[in-house]
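>>> what shape does this take:
(one chain, ligands or ions: 2)
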Amino acid sequence: MSKVKVAINGYGTIGKRVADAVTMQDDMEIIGVAKTRPNYEAFVAHDKGYDVYTLADRVDAMTSAGIPAAGTVEDMISKADVVVDCTPGGVGEKNKALYEKAGVKAIWQGGEDHDLAGCSFNAEANYAEALGKDFVRVVSCNTTGLCRVIYPLDQEYGVKKVRVTLMRRAADPNDIKTGPINAIVPNPIKLPSHHGPDVKSVIPHINITSTAVKLPTTLMHLHTLNIELEKECTADDVKAIFAKQPRVRMVGQGITSTAEVMELGKDLGRPRGDMWENCVWEDSVTMYEGELYFFQAIHQESDVIPENVDAIRAMMELESDGAKSVAKTNKAMGL
Ligand SMILES: NC(=O)C1=CN([C@@H]2O[C@H](COP(=O)(O)OP(=O)(O)OC[C@H]3O[C@@H](n4cnc5c(N)ncnc54)[C@H](O)[C@@H]3O)[C@@H](O)[C@H]2O)C=CC1
Ligand SMILES: O=C(OP(=O)(O)O)[C@H](O)COP(=O)(O)O
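Ligands and ions are numbered 1, 2, ... in the order given. Have a look, this model is predicted:
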């Protein structure tokens, strides 16, 4: 069977990781990546063997900078079965007409609104909803992390209510422009933050409310969750459920911070030191007056990457069983 042809439009933090994860799979391949500028990431993409495309008015600039442009974004799209749009939030929306005109399937990221695709995706929670779809949105890193723990708890014990506080990294490690560098910023001040409503775009019946702040750190997000469950259970029951989840890792063993979680990613030999799973502190999982509490860390640069691979598989109907797709993706990535 021929491999599904995948194009990456926007080769930044998310795009370059999706490209590498797709390359690891045996049922899909990268036919090109689109970069706007001939920067170091474009040179690395070229060195890795990816065909580099660019905006129509930048083809000459890319080639004269030393990266032979394979063509325009439109040329790239015309060769693809599915485009993974990893342009900055709000930019992807403008590309929809391009994809519709070319008759190509498209995946957007969490920086775009749900309505753009009409299907918001998390592999564990609603894989089947994306089967055969033309347009899908993989929800944001934080929302992905929330769905991965809320969905299995809801399946087993029923979720009555979720309250979550998200302590968000201010910027990605390579971002030299974004702050704060010495402040804690309630963001947004008007509540709830987008994360609770976003979980409902994947699992509509969940009663959830969220608040979020930005902190002067680049490594990871950290969530404090408080969940009321319908049925009684113990902290050990919850730990047992989390331990079974393919994209949840229980941490302890001297890991007391996001810095040590990131060090673990490097020690595991993960590409770029990525941590694709939610990291739940085992010792934090607590039942108090019948309510569940725990902490989890989310690596914003990488947790949505396996989800994008599964979204491709669902949209292209390469696999109808979500659990099988998750297992296949994880195995290929070494997760
Ligand atoms: N960085 C993160 O922590 C996460 C980001 N997301 C979402 O993923 C999406 C992408 O975010 P990042 O990768 O962080 O952004 P980024 O800024 O690192 O990368 C975006 C890339 O798209 C390129 N680009 C800009 N305009 C373009 C255009 N018109 N055509 C083609 N390429 C263009 C930029 O040059 C850059 O290489 C956003 O929707 C964001 O909200 C989701 C989860 C986590
Ligand atoms: O999807 C993310 O976060 P979010 O779930 O808080 O929207 C990424 O960390 C990007 O967030 P940013 O929009 O602060 O760069």
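
>>> I'd like the distance between the residue of the chain found nearest ligand 1 and residue 174.
At 1.8 Å from ligand 1, residue 12 is the closest residue in the chain, using Cβ to the nearest ligand atom. Any C-beta I mention is one placed from the backbone N, CA and C, and that applies to glycine too. Note on residue 12: its distance to residue 174, by Cβ to Cβ, to the nearest Å, is 9 Å.

>>> of these two, give the one with the bigger neighbour count.
residue 12 (19 against 11; other Cβ atoms under 10 Å).

>>> for burial, what's the neighbour tally of the residue in the stretch 151-300 of the chain that ligand 2 sits nearest to?
Residue nearest to ligand 2 within the stretch 151-300 of the chain (Cβ to the nearest ligand atom): residue 300, separated by 3.6 Å. Residue 300 has 22 neighbouring residues, counting by other Cβ under 10 Å.

>>> I'd say it and residue 170 touch.
No: with contact defined as Cβ atoms under 8 Å, residue 300 does not reach residue 170; the gap is 10.7 Å.

>>> which is the next helix or strand following the longest helix along the chain?
Taking DSSP state H as the assignment, the helix of the chain that covers the most residues is helix 141-157. Downstream of helix 141-157, the next assigned helix or strand under DSSP states H and E is strand 159-169.

>>> and ligand 2, is that next one touching that?
Yes: using Cβ under 6 Å from any ligand atom, we find that strand 159-169 touches ligand 2 at residue 168.

>>> which parts of that strand are buried?
159, 162, 163, 164, 166, 167, 168, 169 (16 or more other Cβ atoms under 10 Å).

>>> could you dump those to a markdown table with pLDDT and distance to residue 89?
A markdown table is the format used below for the buried residues of strand 159-169 (pLDDT from 0 to 100; distance: Cβ to Cβ, whole Å):
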| residue | pLDDT | distance to residue 89 |
| --- | --- | --- |
| 159 | 98 | 28 |
| 162 | 98 | 24 |
| 163 | 98 | 26 |
| 164 | 98 | 21 |
| 166 | 98 | 17 |
| 167 | 98 | 20 |
| 168 | 98 | 14 |
| 169 | 98 | 16 |
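
>>> for residue 116, which non-adjacent residue is spatially closest?
residue 93 (5.5 Å; Cβ to Cβ, 6 or more residues apart in numbering).

>>> where along the chain do the helices fall?
Remark: helices assigned in the chain by DSSP H are 13-23, 40-47, 59-64, 73-78, 96-102, 114-117, 123-126, 141-157, 195-202, 235-244, 258-267, 305-315, 322-333.

>>> now the last one - C-alpha only, PDB.
Extracted in PDB, the C-alpha atoms of helix 322-333 (Å, rounded to 0.1, in the frame of the first residue of the first chain):
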ATOM      1  CA  GLY A 322      -8.300   4.700  17.900                       C
ATOM      2  CA  ALA A 323      -6.500   2.500  20.500                       C
ATOM      3  CA  LYS A 324      -4.700   0.700  17.700                       C
ATOM      4  CA  SER A 325      -3.600   3.900  16.000                       C
ATOM      5  CA  VAL A 326      -2.300   5.300  19.400                       C
ATOM      6  CA  ALA A 327      -0.300   2.000  19.900                       C
ATOM      7  CA  LYS A 328       1.100   2.200  16.400                       C
ATOM      8  CA  THR A 329       2.100   5.800  16.700                       C
ATOM      9  CA  ASN A 330       3.700   5.300  20.100                       C
ATOM     10  CA  LYS A 331       5.600   2.300  19.000                       C
ATOM     11  CA  ALA A 332       7.000   4.000  16.000                       C
ATOM     12  CA  MET A 333       8.000   7.100  18.100                       C
END
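
>>> so how far is that helix off the chain centroid?
15 Å (Cα atoms, centre = their mean, to the nearest Å).
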